[in-house]
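Undergrad: I'll drop the sequence and a predicted model, then ask my questions.
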Amino acid sequence: MIKIKINNAEFLVKRDISVLEACKYVGITVPRFCYHETLSVAGNCRMCLVEVADGRTPKPVSSCTFPVSMDGMQVFTDTPLVKKARENVVETLLLNHPLDCPICDQGGECDLQDQTKTWGSDYSRFFFNKRGVEDKNCGPLIKTIMTRCIHCTRCVRFGTEIAGVDYMGTMNRGTSTEIGSYVSKMFNSEISGNVIDLCPVGALTSKPYAFKARPWELRSNETVDLTDSTGSSIYVNFKETEIMRILPKNNHEINETIITDKARFSYDAVKNQRLQKLFKTDGSKTPSFKNTDWVAVLAELDFLLKESLNRKITFLINSEIDLDSLFILNAIENKYSPNVQVRSVDENYKNSYLSWSSSKIKDVKSDSKYGFLISSNIRLESAILNTKIRRKVISQTFDVLSLGQHFNSSFPTKFVNLNLNNILKIFEGKSSVSKLFLKSKSPIVFFGDSLKKRLKGNFSLISYLKKILPSAVILDIKKSANSEGVSFSGIKTMNRNCIQNSDICIAVNMEDTISLRKLLKGVKLIWLNSFGSKIATKADLLIPTLSSFESENLYVNLEQRSQKTLKTLPGIGDSRDVKKILLSLYPEIEKDSLNKNFKFLNFFEELSLNPNKFQSLNNKYSNNDIFNCKYSKVKSLIGSYPLKSSLEDFYRSNKFTKNSLTMAQCSQENRKEFNNFKK
């Protein structure tokens, strides 16, 4: 620490940081356009000019590039010379900037507006025609009006340094300089929408949000992204009963200030293909649906589920179900087994455990030198973790080895396509690559969601690797928002026999797939879902449920952190919360089993309300019987098929995103780049 003076006041700051960072540290605001905390320093807007009295710099200097190097340095941020210099910079930036603030979507939250009001002049000396720039086509997500661009190059540096896609660039020179793409195509990045937040003016704005609302008209609510298992923190901006846009919330432990394009733009699925009314079939030979009400539906369900005691009832769920409904279904199965059973359509680790001594997302920033991707296309499965790895590869000596199928990685990666048997030989020291794992300090290992399809029985690869190298950082990337919660609950995986032997199948917020259509063919089906589908047309009863934006629920993300979504919108039509529907069908569950079967729920609830306790939490509910078998005994439990990622289309990864028109457009544009019949 060294002592410097800022505006004649003494402060202790770190040596070799920039003057702008020193001013920010002590609470003095310095205006800027090109500087951003997550990007490299460019120093091209000159808005952050300050005066340094060291005898060597008679002119104002850019504070973002000038280091704090001497003890006793004096910095002035509010002298007449500095104010006049900033006024000239603002005047220069406005030479070609259009006067279209009334129709600009950035209006009301524009840095150029704010700083022109604070530092700019009240008149202009420019009387010539303004220069115009052609707009660029960035795809269905980003709207461009490049005449507004002030050439801060934030978008260029974001694409190069964080996204790993050299889409934007600076073209031409002098007065002809402009920012644009070298080839007119879609900005093909999973986090491309973050350039909208980075742009300080209205050059890059959200295309779905265009001309819909003003910032002061919007209300905001904090919630969690459920399009993947990362659990990014987000703000939902809504007007009356409609979501206008979604913005990232700064969470330094998970997503920092970045969210994926799925989290940002898939909100239009809330009003697309929604089930709004209760329907039942009329029982004719050519069945058709007719409207009904909750009294009739509950009466019919009560007859089907309780009065006919010999019926076999199967609840079908997937890993997107909320934790509250999951524990209710678990309690129902325990009380009414074997007549009632709950099955998951997703493959889950049997006898899974939660251990809060396991690795966290923040451990990616450790001093490890090697990383392993096992059966994971991490760029599609968790774009947030992918950006963290890319930053680590660029800033440190960090080598990544991918054990699985080749994919288009955004950072240097070595690919070795092996099956799981050969991969275990690497970790057991029986391969030439073993020294990378066994001799490295805390290697980082990422498991893909498809890995569980290669395992059988109670074999836990995570526990096995922890036994070989306890210092390893292991992160299991799940496909769905609550995969960890489903694994913890012990729900068994669905098979063909349990469906064929069932009299009634109740599908709870299921995703429509071809394999599910075949299994449910000819079965009496009750469809509880927020969306309609082809399977729903074959159901006997359609019951609408609330979406994640319309209810408060708990979810467990990939690092086993419980998070709570908050209600933003009212429900549509006759839709109700899943857990309330289940408790209406089995009201005795809440009374008889609340203290016994729901003891974990209070624990997760408390953890979601106190996230600071998560990092130092000792889990008293974990299963201490960690895998303790020798490899020779469980060799038959490992599949010999090659490893492949379970996710191929980033934009259509779950039930919610598949009902989004914006995500459908992105998927269509993305597929245009893959042409097997090139000339």
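TA: Received the coordinates, thanks.

Undergrad: Can you find the helix or strand of this structure with the lowest average pLDDT?
TA: Lowest on mean pLDDT, DSSP states H and E among the helices and strands of the chain sits helix 594-597, with a mean of 54.

Undergrad: In contact with the residue lying closest to residue 164 once chain neighbours are set aside: list those residues for me.
TA: Closest residue in space to residue 164, ignoring its immediate chain neighbours: residue 410 at 3.0 Å, by Cβ to Cβ, 6 or more residues apart in numbering. Bear in mind the C-beta positions are built from the backbone N, C-alpha and C, glycine included. Residues near residue 410 by Cβ atoms under 8 Å, 6 or more residues apart in numbering: 163, 164, 165, 189, 379, 386, 390.

Undergrad: average pLDDT across the helix or strand hosting residue 527?
TA: Secondary structure assignment for residue 527, by DSSP states H and E: strand 524-529. Across strand 524-529, pLDDT averages out at 91.

Undergrad: Need the residues that contact it.
TA: The contact list for strand 524-529 (Cβ under 8 Å, 6+ apart) reads 275, 301, 304, 503-510, 535-536, 538-545, 578, 581, 655.

Undergrad: Buried subset of those residues as a ChimeraX selection?
TA: Here is the ChimeraX command that selects the buried residues among the contacts of strand 524-529 (16 or more other Cβ atoms under 10 Å):
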select :275,301,304,504,505,506,507,508,509,510,535,536,538,539,540,541,542,543,544,545,578,581,655
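
Undergrad: Now intersect the contacts of strand 524-529 with the helices, please.
TA: Taking DSSP state H as the definition of helices, these contribute 301, 578, 581, 655.

Undergrad: Could I get those in JSON lines, plus columns for pLDDT and distance to residue 139?
TA: Output for the ones in helices among the contacts of strand 524-529, formatted as JSON lines (pLDDT from 0 to 100; distance: Cβ to Cβ, whole Å):
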{"residue": "301", "pLDDT": "88", "distance to residue 139": "45"}
{"residue": "578", "pLDDT": "93", "distance to residue 139": "35"}
{"residue": "581", "pLDDT": "92", "distance to residue 139": "39"}
{"residue": "655", "pLDDT": "90", "distance to residue 139": "24"}
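
Undergrad: Tell me which stretches of the stretch 301-450 of the chain form helices.
TA: Under the criterion DSSP state H, counting those that start in this stretch, the stretch 301-450 of the chain contains helices at 323-336, 378-381, 383-395, 420-427, 434-438.

Undergrad: Out of those, the one nearest residue 254 is which?
TA: Taking Cβ to Cβ as the criterion, helix 383-395 is the member of the helices of the stretch 301-450 of the chain that comes nearest to residue 254, at 7.2 Å.

Undergrad: Pull out the buried positions in the closest one.
TA: Going by 16+ other Cβ under 10 Å, helix 383-395 has these buried residues: 383, 384, 385, 386, 387, 388, 389, 390, 391, 392, 393.

Undergrad: neighbours around the nearest residue to the third one once chain neighbours are set aside, how many?
TA: Distances taken as Cβ to Cβ, 6+ apart place residue 378 nearest to residue 385, at 5.9 Å, with adjacent residues excluded. Counted with other Cβ atoms under 10 Å, the burial measure for residue 378 works out to 26 neighbours.

Undergrad: Just the CA trace of the strand holding residue 527, in PDB.
TA: Coordinates of each C-alpha in strand 524-529 appear next as PDB, following Å, rounded to 0.1, in the frame of the first residue of the first chain:
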ATOM      1  CA  LYS A 524     -54.800 -43.600 -19.100                       C
ATOM      2  CA  LEU A 525     -52.900 -40.300 -18.800                       C
ATOM      3  CA  ILE A 526     -53.400 -37.200 -16.700                       C
ATOM      4  CA  TRP A 527     -51.300 -34.200 -18.000                       C
ATOM      5  CA  LEU A 528     -50.200 -31.600 -15.400                       C
ATOM      6  CA  ASN A 529     -48.200 -29.100 -17.300                       C
END
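
Undergrad: Could you look up the SS state of residue 223?
TA: Following DSSP: H, G, I helix; E, B strand; the rest coil, the label given to residue 223 is strand.

Undergrad: quick one: contacts for the residue nearest to residue 385?
TA: 385, 386, 389, 446, 448, 477.

Undergrad: just so I have it, where are all the helices in the stretch 151-300 of the chain?
TA: Counting by DSSP H, counting those that start in this stretch, the stretch 151-300 of the chain has helices at residues 154-158, 194-198, 261-265, 294-302.

Undergrad: Go through those and pick out the most buried.
TA: helix 261-265 (a mean of 27; mean count of other Cβ atoms under 10 Å).

Undergrad: Any stretches of the stretch 401-550 of the chain with poor pLDDT?
TA: 456-459 (pLDDT under 70).

Undergrad: in it, which spans are strands?
TA: Along the stretch 401-550 of the chain, counting by DSSP state E, counting those that start in this stretch, strands occupy 414-416, 444-447, 473-476, 492-493, 504-508, 524-529, 541-544.

Undergrad: How far away from the center of its chain is the second one?
TA: So that's strand 444-447. 18 Å (Cα atoms, centre = their mean, to the nearest Å).

Undergrad: Over to the fifth one?
TA: When distances are taken as Cα atoms, centre = their mean, strand 504-508 is centred 29 Å away from the chain's centroid.

Undergrad: That strand packs against which elements?
TA: Contacts defined by 3 or more Cβ pairs under 8 Å, 6 or more residues apart in numbering; DSSP states H and E place strand 504-508 against strand 313-317, strand 524-529.

Undergrad: what sits up against that strand?
TA: With Cβ under 8 Å, 6+ apart, strand 504-508 has contacts from 304-305, 311-317, 321, 325, 329, 499, 520, 523-529, 535, 539, 578.

Undergrad: Same question for the third one.
TA: Under the contact criterion Cβ under 8 Å, 6+ apart, strand 473-476 has outside partners 358-359, 361, 363-364, 366, 368, 385, 442-447, 462, 465-466, 558-559.

Undergrad: and with 7 Å instead?
TA: 358-359, 363, 366, 368, 442, 444-447, 462, 465-466, 558 (Cβ atoms under 7 Å, 6 or more residues apart in numbering).

Undergrad: Listing partners with orientation, what would you give for it?
TA: Partners of strand 473-476 in the sheet, by DSSP bridges, are strand 444-447 (parallel).
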